[in-house]
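Trainee: got a predicted structure plus its sequence, pasted below:
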Amino acid sequence: MKNPFEFDHARISKETSQIRKLVLEMNHSAGQGHTGADLSETDILASLYFRILRYDKSDAHHPSRDRFILSKGHGVGGFYCTLMQAGLLDKTLIKTYLGFDSKLPGHPVRQKTNFVEVNTGGLGHGLAIGVGLAIAGKKQNLNYRVFILTGDGELQEGSNWEAAMAASHYKLDNLIWIIDRNRLQLADFTERINALDPLDSKLEAFGMELHETNGNDPRSLIDTFESLSENGKPKAILAQTVKGYGVSFIENQPSWHHKVPTESELSQAMEELS
Amino acid sequence: MSLQVAKRDLREVMVDSFISSVQSGLNIAVLVSDSTSTAKISPFSDKFPERLINVGIAEQSLVGTAAGMALGGYVAITTNAAPFLVHRANEQVQNDVCYSNTNVKLMGLNAGVCYGALASTHHAIDDISIMRGFGNIQIFAPSDSIEAEQIFAYAFNHVGPVYIRMDSAQLPHIHDHEYEFIVGQPDIMFEGDDLTIISMGSSSYEAVWAKRMLAKEGISAEIINLPSIRPLDHRKIVESLAKTGLVITVEEHSQHGGIGSLISEIIAEHGIGCRMKRLGFPEGAFAVSGPREQMREYVGIDAKGITKTAKEMISL
């Protein structure tokens, strides 16, 4: 099984601009959304769906597909818009985001949306689920890989570290844990709330094979993903990102965690992204 | 029906069911959180070591990993002590299992006050209440090994979340081998006219003993065992309560949220004129710790306590 696009980094960068525009339109239209998170993770998601993940566009449940779990479920806007841009989700649904009984609820729901593997939203759940999927793959000789995207503030949840221990113990080299390290959480900067650093040495101490990369650069992301090997160690990719990346007045602003653009902010953002 | 003297630990039946399910082709994985002895799992792990996953003392990881294994094609079964399952891993049970509707079976071992003297950190007198608060999940409480075997066979083949309230005691057989568990149906063990006694799990044998004691005093009790808490067809319960007009519920559980609450809801929703007494641990209180039999006696959920309550209600 292959990635259905296999785009290069330059083409992926073009896709990310379109995804970011969709996110801003969608959040503006809904009047709600986690804009900062959606924009922070866009390059990671685009690199996965347009290059790295092996899946069948016409069969969301293919048993050999690589699995992707959005553990930071509040970043669902960026996820939906990536799926839309990849043709995996109908773009006309954009106006239904967060509406009553919508196919696009405010956190991912597998019963509602194709290509959502599991329902997330409470933080600190995705990694353990990924561990289970990775064990299941190994035990059944299925060669799919499991990608889990967590936030960084999310790592204050202890459940992640339980799961990290198990990933290492079970030698899950088919598990790739990506950390969207934008250094911001709901209330403030992570290092002011409950410091995560030195996060690199923590990840290594838990038995992860650590890779650091620029999480807003598709070229760095692709190089990192394509350097991974099956060597008995689970992977942690510390993706250094900027929350709200791509729009100057949203970048790195705690207030944009769940703020949405006004009409004039939307126009300015669209201009910046063109 | 004649009462059997035989007794059996439900966990032994559970482990036998794991083995026979694998042998019949079910793709089962059993997960423990260092709880190998709690689950008495060695006959299974000796036979199928590749099907046992031990995540260590990490219940959130236990349940999340089980959900992942279910998504990866397994019938994933967690086996650990009920208090740590329903309390520590509560959000994983809700999100990863129930809400995500994954094919996970949660075995709540040593539920109620099985760990009597170990005190309230080790009791689960709210497990039914907690599980009833979640969507998608089916809930069962076997009362003896004959019933347990049939509940396991159903649960492991049903696709979707299931919680099974398990006991650590050697529970006496209160059913004969002709007994047929039917999912969703209450089990009318004995018919009677003066009052109805409704119980679940390890309290059902106490209700059966109470029936005998009451019979000696000329009181005819209808005994209903509730193995299937969700789903539950109300019809036979409504008929019984309409007939006797008097009901006692018995459970090693809080009075809040268990079968006492469930029967109260049925009475209210069906508008049945029926007096009721809920026997269980008092609402708003932790259980007093100590030897389990003394605890049951203290809150009146043993046969003697049920008999006393029945006589008081009848004399009113």
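Mentor: All right, it came through fine.
Trainee: who in the stretch 101-250 of chain B is up against chain A?
Mentor: B:101, B:102 (CB under 8 Å from any CB of the partner chain). Quick note: C-beta positions are derived from backbone N, CA and C, even for glycine.
Trainee: how about the strands in the stretch 101-250 of chain B?
Mentor: B:104-109, B:138-140, B:162-165, B:170-172, B:187-190, B:195-199, B:221-225, B:228-230, B:246-254 (DSSP state E, counting those that start in this stretch).
Trainee: what comes up buried for the fourth one?
Mentor: The reference is to strand B:170-172. B:171, B:172 (16 or more other CB atoms under 10 Å in any protein chain shown).
Trainee: next, format the strands of the stretch 101-250 of chain B as CSV and append distance to residue B:271 and mean pLDDT.
Mentor: As requested, the strands of the stretch 101-250 of chain B are exported to CSV (distance: least, CB to CB, whole Å; pLDDT from 0 to 100):
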stretch, distance to residue B:271, mean pLDDT
strand B:104-109, 34, 98
strand B:138-140, 25, 99
strand B:162-165, 30, 98
strand B:170-172, 36, 95
strand B:187-190, 22, 98
strand B:195-199, 17, 98
strand B:221-225, 20, 98
strand B:228-230, 22, 98
strand B:246-254, 15, 98
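Trainee: reformat those as CSV; add distance to residue A:240.
Mentor: Putting those into CSV (distance: least, CB to CB, whole Å) gives the following:
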stretch, distance to residue A:240
strand B:104-109, 36
strand B:138-140, 46
strand B:162-165, 42
strand B:170-172, 58
strand B:187-190, 61
strand B:195-199, 60
strand B:221-225, 60
strand B:228-230, 48
strand B:246-254, 49
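Trainee: among those strands, which comes closest to residue A:152?
Mentor: strand B:104-109 (28.9 Å; CB to CB).
Trainee: quick one: neighbours of the nearest residue to residue A:188 once chain neighbours are set aside, just the number.
Mentor: Closest residue to residue A:188 apart from its sequence neighbours, by CB to CB, 6 or more residues apart in numbering or on different chains: residue A:254 at 5.7 Å. By other CB atoms under 10 Å in any protein chain shown, 16 other residues sit near residue A:254.
Trainee: you'd agree residue A:254 is up against residue A:184?
Mentor: Yes - contact between residue A:254 and residue A:184 holds when scored by CB atoms under 8 Å: they sit 5.7 Å apart.
Trainee: and the end-to-end length of stretch B:295-312?
Mentor: 21 Å (CA to CA, to the nearest Å).
Trainee: now it: buried residues?
Mentor: Going by neighbour count (16+ other CB under 10 Å), the buried part of stretch B:295-312 is B:295, B:296, B:299, B:300, B:301, B:302, B:303, B:305, B:306, B:307, B:309, B:310.
Trainee: now swap in stretch B:211-229 and tell me
Mentor: B:211, B:213-214, B:219, B:221-229.
Trainee: check stretch A:167-174 too.
Mentor: Using 16+ other CB under 10 Å as the test for burial, stretch A:167-174 gives A:167, A:168, A:170, A:171, A:172, A:173, A:174.
Trainee: same check on stretch A:186-203?
Mentor: Judged by neighbour count using 16+ other CB under 10 Å, the buried positions of stretch A:186-203 are A:190, A:196, A:199, A:200, A:202, A:203.
Trainee: pLDDT score for the residue nearest to residue A:188?
Mentor: Note for residue A:254: predicted pLDDT of 89.
Trainee: ramachandran angles for it?
Mentor: Main-chain torsions, residue A:254, degrees, to the nearest 10: phi -50, psi -30.
Trainee: quick one, strands of the stretch 51-200 of chain A?
Mentor: Using DSSP E, counting those that start in this stretch, the strands assigned to the stretch 51-200 of chain A run over residues A:67-70, A:146-151, A:175-181.
Trainee: go ahead and name everything in contact with the last one.
Mentor: To tie it back to what came earlier, the one meant is strand A:175-181. A:37, A:40-41, A:44, A:72, A:75, A:127, A:130-131, A:134, A:145-152, A:155, A:164, A:167, A:199, A:203, A:208, A:215, A:225, A:228, A:234-241 (CB atoms under 8 Å, 6 or more residues apart in numbering or on different chains).
Trainee: go again with 7 Å.
Mentor: Contact with strand A:175-181 is made by A:40-41, A:44, A:72, A:127, A:130-131, A:134, A:145-152, A:167, A:215, A:228, A:234-241, as judged by CB atoms under 7 Å, 6 or more residues apart in numbering or on different chains.
Trainee: how about the residues of chain A by chain B?
Mentor: Proximity of chain A to chain B, by CB under 7 Å from any CB of the partner chain, involves residues A:110-111, A:117-119, A:122, A:125, A:128-133, A:135-137, A:139-140, A:159, A:162-163, A:166.
Trainee: can you rerun that using 8 Å?
Mentor: So far as CB under 8 Å from any CB goes, chain A lies against chain B at A:63, A:67, A:110-111, A:117-122, A:124-125, A:127-137, A:139-140, A:142, A:158-159, A:162-163, A:165-166, A:169.
Trainee: of these, grab the buried ones for PyMOL.
Mentor: The PyMOL command for the buried members of the residues of chain A next to chain B (criterion: 16+ other CB under 10 Å) is given here:
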select buried, chain A and resi 67+110+117+118+119+120+121+122+124+125+127+128+129+130+131+132+133+134+135+136+137+139+159+162+163+165+166
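Trainee: could you list the low-pLDDT ranges of the chain?
Mentor: The chain I'm using is chain A. Chain A contains no residues with pLDDT under 70.
Trainee: please refer instead to chain B.
Mentor: Ranges of chain B meeting pLDDT under 70: B:1-5.
Trainee: redo that, cut-off 80
Mentor: Scanning chain B for pLDDT under 80 picks out B:1-5, B:316.
Trainee: before we move on, the earlier item: of the buried residues of stretch A:167-174, closest to chain B?
Mentor: Using CB to the nearest CB, residue A:170 comes nearest to chain B of the buried residues of stretch A:167-174, at 8.0 Å.
Trainee: not counting sequence-adjacent ones, nearest residue to residue B:47?
Mentor: residue B:19 (6.0 Å).
Trainee: any idea which element that neighbour lies in?
Mentor: Element membership of residue B:19, judged by DSSP states H and E, is helix B:10-23.
Trainee: what comes up buried for that helix?
Mentor: For helix B:10-23, by 16+ other CB under 10 Å, it's B:10, B:11, B:13, B:14, B:15, B:16, B:17, B:18, B:19, B:21, B:22.
Trainee: who's in contact with the last one?
Mentor: For residue B:22, the residues meeting the contact criterion (CB under 8 Å, 6+ apart) are B:28, B:47, B:48, B:51.
Trainee: ok, the third one - contacts?
Mentor: To tie it back to what came earlier, the one meant is residue B:48. Neighbours of residue B:48 in contact, by CB under 8 Å, 6+ apart: B:19, B:22.
Trainee: ok, the spatially most central residue of chain A to residue B:147 distance?
Mentor: For chain A, residue A:149 is the residue whose C-alpha lies nearest the centre (CA atoms, centre = their mean; 4.5 Å). Computed as CB to CB, to the nearest Å, the residue A:149 to residue B:147 distance reads 45 Å.
Trainee: surely residue B:220 and residue B:194 touch.
Mentor: Yes - counting by CB under 8 Å, residue B:220 sits close enough to residue B:194 to count as a contact (4.8 Å).
Trainee: how much space separates residue A:149 from residue B:217?
Mentor: 67 Å.
Trainee: one step back: quick one: which of the buried residues of helix B:10-23 is nearest to chain A?
Mentor: In terms of CB to the nearest CB, no member of the buried residues of helix B:10-23 lies closer to chain A than residue B:22, at 13.2 Å.
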